[in-house]
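>>> Coordinates only, no sequence provided:
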C-alpha cells in the first residue's frame, strides 16, 4: 500500500516510518530505501502521525510512505532478535536435545523429525532475521511471525537455563564437594536423567520452533532482500587521530584558563551576580552538543590547573538527587582524584565536606547542571566557601538563567560553530591525514545539516571515514533522514538515525541496550560488557567472547556514541545521542523518563531502567512479564527500600541483570527467596550498605557477575563457593577474604585482591586452580604465609591472562636479617607467567631478589616495575636487561647506598625501552655508577628516556650523564641537598626540557637559557638559581612558579614568552638582581596574571611599562 502526497515539486523521497503509539518515536530506517510489501491482511490505515509529518513537508510529491504496523506488528529494533544471538540459543538447544536423545528412546522417537527440521531451517532463519534487522518491513503477518519466533527463542533460553541449573545442583549433591566444575558438568551432561516434565518441555519448545521455522518459508520475498545486503559495510572504523586541542575553541579555552588560574580573589562579579566568598563560581553555557564538557575536560587535565589546585573533582549533578548525595559525590570525586580509584567512602555527617575543603584550594567541575540544583545550592555554596582563597567551581550548563541563579560570577558562552570552523572539525574526523578533494563538496553538503554542533560533526565525520569513496558518501548525504534536520525539537535525530542504520546487527543491538541509561549515567566499560553478555549473549562462553565485546564497545566509542570522562574506564552517553536513541530503540529498551504517566504492563519491555518510587506507579506487576534487565535508581526517595526490593523481585523471576549500584538505596539484606531467580547472570548490590547475604543466594548457579563493593559484611555464606559459574567478583579485599575455599570458583576471571590467611580455606594455595584470572591481581598479607614450602602451589606461572601483579607484605618495620631468607623463598615461589606486563612489590623485607627477577628472556612483556618500601633491600636485580620495560619506580629503598653495574646487567642493551624512571625516599643512596663504562655500546644506555624524578634522596652526589641527556623532556629534583652542590652544571645538556621542577635543593643551580628553548613549565622553590644567557630563549614558557628562591638572576632585557599565563613569586627573595622586574619586559604577554609575595626583601623595583594584573603582598 502506498500513500501519495501531492505538492508543487516533482521530487520523490522516502520518509522514515513513525511508530503509531509513541508520538515522535521512530522505527528503524534501513540501510537501503524503505520498502512496502503487499499486506495479506488487506493493509492498514494511515497513521495520523505520518499525515502530520507529510503536511510539514510541502516540497514532496508521490512520497511512498509505508503504512504503520499495528500494535504487535512493528518490525524493527524493538523486535530485534539478532540472528547471531538467536542462532546460538537454537544451536545449544539442538545440542542439548541430541545429547538427551542418546539416553531417551521416547524423546528420540518424538523429536527426531522436528530436530532435523529445525536444524535445516536455521540458516534460513538467520538470514531472514538479519535481513529484517537491516530493513523496516511493514507486513503485519511477518511482524506477528517474528514476535512468535522471538518468544520461542526466549522460552528456549529459559529451558536451557533450567536444565543447566538442575545439572549443576545434581553435580554438587553427588560429589559432596565442588572439585573441577568443568569436568563435573561434562560428566553429568552425559549421565543426567531427565524427568518427564523436562522431556515434555523439550518436545514442546522444539515443536514450537519447528512450526515457526516451517511458517518462515512463506516469506520468500523478504529473504530475497538479503541479496542487497551482501556488500554490507565493514563494522570497524580506523582509530581517529586525537586532536591536540578542541578545534575552534581557543578563545574560550584561554578565557577559562585566565579565570581559573588567576591568583587571589575571584573575578569581579557581573552585574546582578552574587559573590561567593573566596571561591570563584564560573560557568560554561551552551546548547547540547557544542562541546562544553569536552572543553571542561581539557581545562581539568591542563598541567597548570593540576599544579595550581590541591584538590580537583568532577561531579555529574544529574546523578545526585539530594544535597547529601551531591556532597557525598563531591567528596568521593576529590578522593578518587587523589587515590586514582572511584571506590566510595562511607560519608554520613553533614560536616564531612567542610572537613575536606577547609583551607584547601580546590577546583570542582559540576557537569550537566540543571534547575533542580538550585534547591541544594545555597547550602552547598556555604560549605564550599570554607575552601582556600582562589578555589574555583566550574558550572557546565545549557541555560544562562541557571548559571545566573546559582551566582556565577563569570560566564563563558559557547555558541554554535560557524561553518568554516565546523568544517575543520568535520575534516579532521572524516579525512584524518587523507585528503580527498573529490569528496569535499559532498561533505560540505552534509555539513549544512549539522547545525554548527561539533559532536554531530565528529560522529558523522567518523561514519563517513569508514569508506572514503564517492558512493558511500553520496548514500549518506542523500539519506531521507536529513528531511527531519530542521526539527528544532530534536536536531540530532537524523544524524543518530543514520549512524545507527550503518551499524552491524550485533553493534546495533548492543547500542539499543544502552538507551535504558538515564541522563548523566556514568558507566564502567567492563560492567556494560558484562550486562550485554548476561542479557542476550549468555549462550556464548569463554574469555574470547568478552574480548570480542570489548572490541564492540571500542567500535561504538570510536563512532562517538560514548564519550570518555576524566575517570579511567568510565564513560557517558551524551544526551544529544541518548535522547534520539530512546526514540529509535523501540519497545524493548526503556528508560523511566520515557514511560510517561500511563501505567504499562511489564510484558511490553525486555530491558528497563526505573526509579524505586516509579516502579509500582508506572508498571503493572504481572507475572507473565519477559523482563530481562532492571536498573534501579533514586532509592533515597524510598521510605522502606527493603520492602520495595522484595516486592520488585517477587514479580521478576526471569531477570538476567539486576543492578542496584546506582540506586543509592540502603538495603540491609537481600530477600531469602532470591534463590528463585535461577536465570540471573548479573547481580550488583554495590553501595547499598548491605551487611548480610542470605544462604539462598548460593543457589544462583548461573550467576556470572557479583558486585559487592561498598558493602560491610562480617561474614559470607559458607556455600558461596558453589557459584560455579561466577567469573567476576567486584568487592573489597576484606569481603573477598571472607569467602571460604575461594579456590573452588575455578571460572573466576576478575579478582582484584586476595588476602592470604592462616586458616584453612583462606591460605595462598586457594589460588592454585584459579587459572582464568585476568587483568590484575594483588596478593596481600604475604607475611601470613604459614610455610614457604607451599607458596609455589599457588602456581602463578599458570595464570597466563594476568597482566598486572602486586605482591604486598603487611609489614612496615624492618625484620632481623636472619629472617630475610624466608622472604626471599616466599617470593621465589611466586614466579609469574611470562605474559605479565606490570609488577609491583611492596614491603618486601628480603636483602635481594630471587633468580627469576634476573631472567630477562622470561619477562619479555614486562613494561612497568614498582618497588616500594623494600627497606632491607641491599642490591637491585639487573632490570636494565628487560627489553620492554617502560616505567621504573623505586620508592622507599632505605638500605640502598649504591647502585652499580649489576643494575644494568651484562647484555649489549641497557634499558632499551625505558621512558620514565623515578627514585623516591632513598635517604642513604649516595651514588649511581657503572653506566659510564657502557657508553661504547652500539646502542647507548637509556635511548628513549624522557622523564626523570628524584625526590628525597638527600645524600645523592652523582647521577650518570646518560640519565640527564639531551632528549629528556621532564625533570623533577626535590629534597636532594648534594647533587647540585657537587655538580652545579649538571643541567647543561638538557636541550629538550618541557617541564622543570626543582624544590628544596642546596647549592648553586645554573640554568642555561639558550638550551631551554622548549621549556613550558618552570617551578623553582627554596633553591639558589642562576639563569645564564638571554631569557629571550624562554619563548614557550607558559607557567612559572618560584617560592623562596635565594637568588634569581636574569641578565638580559629582552621580552619574555608571549605564552606566559602565570608568574608567581613568593615567600622570600633574599635578593632580586638589579632592576630585575624593570628589565623583564612583560608587554607582549597580555594574558599574564602576576602574583608577588615578598618576605624580608632587601630590594624591590616596581614594574614599569607593563599592563597586567598583579598582587603585591609584603610581610613584615
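Looks like it arrived, so ask away. Given the structure is predicted, the values throughout are model-derived calculations rather than measurements.

>>> can you pull the buried residues of stretch 980-996?
By 16 or more other CB atoms under 10 Å, the buried positions in stretch 980-996 come out as 980, 983, 986-987, 989-990, 992-996. Glycine gets a C-beta too; all of them are placed from N, C-alpha and C.

>>> What distance do you get for residue 728 to residue 888?
31 Å (CB to CB, to the nearest Å).

>>> Looking at the two, which has the bigger crowd around it?
Between residue 728 and residue 888, residue 728 has the larger neighbour count (other CB atoms under 10 Å), namely 22 against 19.

>>> dump the residue contacts of the more buried one.
526, 530, 704-706, 748-750 (CB atoms under 8 Å, 6 or more residues apart in numbering).

>>> Distance of it relative to residue 550?
From residue 728 to residue 550 the distance is 14 Å (CB to CB).

>>> Residue 298 too?
Taken as CB to CB, the span from residue 298 to residue 550 is 27 Å.

>>> more neighbours, those two?
Using other CB under 10 Å, the more surrounded residue of residue 298 and residue 550 is residue 298, with 18 against 13.

>>> Please, which helix or strand holds residue 823?
Assigned by DSSP states H and E, residue 823 falls within helix 820-828.

>>> can you give me the mean pLDDT across that helix?
Across helix 820-828, pLDDT averages out at 89.

>>> show me where pLDDT drops low in the stretch 301-450 of the chain?
318-324, 336-351 (pLDDT under 70).

>>> Kindly recompute the last result at 90.
Within the stretch 301-450 of the chain, the stretches with pLDDT under 90 are 301-311, 313-360, 367-390, 398-412, 414-450.

>>> which residues of it fall in strands?
In the stretch 301-450 of the chain, the segments counted as strands under DSSP state E, counting those that start in this stretch are 311-316, 362-369, 392-397, 410-414.

>>> What helices and strands are in contact with the third one?
When you say that, I think you mean strand 392-397. Strand 392-397 sits against helix 250-260, strand 280-286, helix 292-300, strand 362-369, helix 400-405, with contacts defined as 3 or more CB pairs under 8 Å, 6 or more residues apart in numbering; DSSP states H and E.

>>> mind running it again at 10 Å?
In terms of contacts (3 or more CB pairs under 10 Å, 6 or more residues apart in numbering; DSSP states H and E), strand 392-397 is packed against helix 250-260, strand 280-286, helix 292-300, strand 311-316, strand 362-369, helix 374-384, helix 400-405, strand 410-414.

>>> Export these as CSV, with columns for distance to residue 736.
Converted to CSV, these look like this (distance: least, CB to CB, whole Å):
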stretch, distance to residue 736
helix 250-260, 41
strand 280-286, 42
helix 292-300, 33
strand 311-316, 29
strand 362-369, 33
helix 374-384, 36
helix 400-405, 44
strand 410-414, 46
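
>>> Run through who's touching the helix holding residue 823.
764, 782-783, 785, 787-789, 791-792, 807, 809, 811, 814-815, 841, 843-853, 870, 872-874 (CB atoms under 10 Å, 6 or more residues apart in numbering).

>>> Mind checking which of those residues are buried?
Neighbour-count burial (16+ other CB under 10 Å) applied to the contacts of helix 820-828 gives 764, 782-783, 785, 788, 791-792, 807, 809, 811, 815, 841, 843-850, 852-853, 870, 872-873.

>>> Mark which of these are part of strands, please.
The strands, defined by DSSP state E, take in 807, 841 from the buried ones among the contacts of helix 820-828.

>>> Which of the buried ones among the contacts of helix 820-828 fall in helices?
Assigned to helices by DSSP state H, none of the buried ones among the contacts of helix 820-828 qualify.

>>> Residue 807 is in contact with residue 840, isn't it?
Yes: with contact defined as CB atoms under 10 Å, residue 807 reaches residue 840; the gap is 7.2 Å.

>>> Give me the common contacts of these two.
Counting by CB under 10 Å, 6+ apart, the contacts common to residue 807 and residue 840 are residue 778.

>>> and residue 390, how many residues sit next to it?
The local packing of residue 390 (other CB under 10 Å) involves 21 other residues.

>>> How about the one 10 residues further on?
Neighbour count for residue 400, taken as other CB under 10 Å: 14.

>>> how close does the closest residue to it other than its chain neighbours get to residue 415?
Nearest residue to residue 400, sequence neighbours excluded (CB to CB, 6 or more residues apart in numbering): residue 285, at 5.1 Å. Noted for residue 285: a distance of 10 Å to residue 415, by CB to CB.

>>> Could you check which of these two has the larger neighbour count?
The residue with more neighbours, out of residue 285 and residue 415, is residue 285; 23 against 11, by other CB under 10 Å.

>>> roughly how far apart are that one and residue 573?
Residue 285 is 22 Å from residue 573, by CB to CB.

>>> so who does residue 313 touch?
By CB under 10 Å, 6+ apart, the contact list for residue 313 reads 300, 329-338, 356-357, 362-366, 393, 566.
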